[in-house]
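K.L.:
need a 3D model of the following:
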Amino acid sequence: MEAGAALQQTQGILVKDPVEISFRCLPLRSVPRLDIPVDASPSFRALAERIRHAIQRHGAHNTYYLYDARCTYHLTNDPALGMLTFRFEGTVLTDESDLKTVGAELDVSLAGETCDWLTEPIVTWFRETVHRAVMVEFDRYIAAGDLKRTIERLARFQEASDSQGGYLGMGL
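P.N.:
Below is the predicted model:
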C-alpha cells in the first residue's frame, strides 16, 4: 500500500488513519435565540451557555460551534499501544466565503491514552496540535459538502418551525 493510505496493514494488524477526528457542528447563524428554556437539563443548559458565549465572542456569521468531539492520534501501528484521545469543544471560524478555516478556539482535554511513555510536555504539545488538526479536518468537511448540507438541513428545520409557530414537537 502507498504511504498515507486510509488503512495500513502491518504484520496482519489493520490500522486506520493516524489521526481520527469526529464532531457535531452547529452553524451559529442558525441559532435564532439566545435564551435557554427554563426546563432545560443541566447538561443542555451548560452547552447552551457555551454556545451563547461563542456567539457573543465571535458573532454568528462564518462561525461554527463544534461539540461532542474527539481527536485520536495513533502513534504506532498497533491499535492497543500508542493511542492518545482528546475531547474538544469550541468555535471554528471560516473566511467570508465559508471555504477555508481561518481559526479555531477550542477547549481541549486528554480523554484517554495507551502510551506508557507519555509525559506532560507531550500531552501539552498534542493538545495544541489538536487545534491545527481540527482546522485541517474542518476544511475537509467543507470540501466534502457536509457544511453546506448542514446549513441547508438547519434552514429546513427553521422553515418548518416558523410555519408551525415555533413548535415542531416534543423536545424541539
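K.L.:
assign residue 54 to helix, strand or coil.
P.N.:
Assigned with DSSP: H, G, I helix; E, B strand; the rest coil, residue 54 falls in the helix class.
K.L.:
count of residues packed around it?
P.N.:
23 (other Cβ atoms under 10 Å). Every residue, glycine included, has its C-beta placed from N, CA and C.
K.L.:
tell me the pLDDT of it.
P.N.:
Here, the pLDDT recorded for residue 54 equals 96.
K.L.:
is it in contact with residue 63, as I believe?
P.N.:
Yes. Assessed by Cβ atoms under 8 Å, residue 54 is found in contact with residue 63 at 7.0 Å.
K.L.:
residues shared between the contacts of those two?
P.N.:
Counting by Cβ atoms under 8 Å, 6 or more residues apart in numbering, the contacts common to residue 54 and residue 63 are 28, 91.
K.L.:
buried ones in stretch 30-37, by neighbour count?
P.N.:
Neighbour counts using 16 or more other Cβ atoms under 10 Å place 30-31 of stretch 30-37 among the buried residues.
K.L.:
end-to-end on it?
P.N.:
Distance between the boundary residues of stretch 30-37 (Cα to Cα, to the nearest Å) amounts to 17 Å.
K.L.:
and it, how far out from the chain's middle?
P.N.:
In this view, stretch 30-37 has its centroid 20 Å away from the chain centroid, taken as Cα atoms, centre = their mean, to the nearest Å.
K.L.:
kindly report the same for stretch 33-47.
P.N.:
On Cα atoms, centre = their mean, the centre of stretch 33-47 falls 20 Å from that of its chain.
K.L.:
report the mean confidence score over it.
P.N.:
Stretch 33-47 comes out at a mean pLDDT of 88.
K.L.:
fine, thanks again, bye for now.
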